[in-house]
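In: One predicted model, sequence on top.
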Amino acid sequence: MSLEYQSKLNRLLVLGKKNGLFFSDWLRKNGYSDQLIRKYRQSGWLETLDKGVMYRTGDSLSSFAALSCYNEQLNKKVRVAAHSALELFGFNHYVPMGKPLLVVAYHTNIPKWMTSDSFDKNFKPFSTKMIDAPQTSIIQIEGVDVLASSPEQAFMECLLLAPEQYNYMDLYYIMEQLTSLRADVVQTLLENINNQRVKRVFLYMAEKAGHYWFDMLNIDKINLGTSKQQLVENGIYIKKYRITIPKELNEYE
């Protein structure tokens, strides 16, 4: 084994994130030729997950570490979103059956490696252009930095995915917990997102929950449109927000 081979291998193992991924484009930019990468695979140091995507042999793949590697190595901005982001901020989340889900938001095509079942969580990606300037934070989880939607935005993403992925009643239970949302962030989001259903349901739920930050919002600056929207069949019409909501949500106290 040559000194260069060993030196570069040691450097690679130090640079890599535990239970994360290596992307071939990033490896090449850091001086690892295709030939050298092939030798590492043949020698059993690296395993292939997908074309151009590898991980250290013996690692148990972490969805958080993989996402962190993807963003950092390839300069991407895929973020943990919806209920998964709310969970990171300490709010009770919508619990799916079976293997845990990690909901992520993206703007371009989903990378194939995310469809693998080799991770500790199943990636649940969705494409959204609801917000031109996402409100995000970097959170350290499991020893890696992860890009995540702010709590304010994460709840709006849940509303965007309802009712296909989330039940409106379940989401209201979460809204009741959101006592510490920042009114200025909520205001900015509601003024700029391009989905009227999300804005109307968010405001209805926030007002119903009686949060102090709701009274700090300037509703006049939020474009809610004029058309009526029906969330469910045989629901209750809320004139103020021009939405028809589930009867159980209207009657819940």
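Out: Okay, I see it. Residues are numbered from 1 along each chain as shown.
In: separation between the closest residue to residue 101 other than its chain neighbours and residue 84?
Out: Nearest non-adjacent residue to residue 101, counting by C-beta to C-beta, 6 or more residues apart in numbering: residue 124, 4.5 Å away. Bear in mind the C-beta positions are built from the backbone N, C-alpha and C, glycine included. Separation of residue 124 from residue 84 (C-beta to C-beta, to the nearest Å) stands at 8 Å.
In: Mutual contacts of those two, please.
Out: Residues touching both residue 124 and residue 84 (C-beta atoms under 8 Å, 6 or more residues apart in numbering) are 101, 102, 103, 104.
In: Am I right that the last one is in a helix?
Out: If I follow you right, that is residue 104. No. Residue 104 is assigned strand when assessed by DSSP: H, G, I helix; E, B strand; the rest coil, not a helix.
In: contacting residues around it?
Out: Counted by C-beta under 8 Å, 6+ apart, residue 104 has contacts 67, 78, 79, 80, 81, 84, 114, 123, 124, 125, 126.
In: Output those in TSV, with neighbour count, secondary structure and distance to residue 237 appended to each entry.
Out: TSV is the format used below for the contacts of residue 104 (neighbours: other C-beta atoms under 10 Å; DSSP: H, G, I helix; E, B strand; the rest coil; distance: C-beta to C-beta, whole Å):
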residue	neighbour count	secondary structure	distance to residue 237
67	27	helix	41
78	20	coil	38
79	25	strand	35
80	26	strand	35
81	29	coil	30
84	28	helix	33
114	21	helix	40
123	21	strand	38
124	18	strand	32
125	16	strand	34
126	16	strand	29
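In: Can you pick out the most distant pair from those?
Out: Spanning the widest gap among the contacts of residue 104 are 67 and 126, at 14.4 Å by C-beta to C-beta.
In: circling back to that earlier point, from the shared contacts of residue 124 and residue 84, which has minimum pLDDT?
Out: By pLDDT, residue 101 ranks lowest within the shared contacts of residue 124 and residue 84, coming in at 91.
In: I figured that residue hits residue 121, correct?
Out: Yes. Taking C-beta atoms under 8 Å as the definition, residue 101 is a contact partner of residue 121 at 6.3 Å.
In: Between these two, tell me which one has more neighbours.
Out: Just comparing residue 101 and residue 121: by other C-beta atoms under 10 Å the higher neighbour count belongs to residue 101, 20 against 16.
In: what is the more buried one paired to in the beta sheet?
Out: residue 122 (DSSP bridges).
In: residues touching it, list them.
Out: 84, 121, 122, 123, 124.
In: Can you tell me which of the residues you listed is nearest residue 26?
Out: residue 123 (19.7 Å).
In: can you pull out the strands in the protein?
Out: 22-23, 46-50, 53-56, 79-80, 101-106, 122-127, 136-141, 144-149, 229-230, 236-238, 243-245 (DSSP state E).
In: Out of these, flag the one nearest residue 201.
Out: Per C-beta to C-beta, nearest to residue 201 of the strands of the chain: strand 243-245, 6.5 Å.
In: Can you add pLDDT and distance to residue 213 and give the contacts of residue 104 back as CSV?
Out: As requested, these are exported to CSV (pLDDT from 0 to 100; distance: C-beta to C-beta, whole Å):
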residue, pLDDT, distance to residue 213
67, 97, 30
78, 95, 29
79, 96, 23
80, 97, 23
81, 96, 21
84, 94, 23
114, 95, 35
123, 96, 32
124, 94, 29
125, 93, 30
126, 92, 27
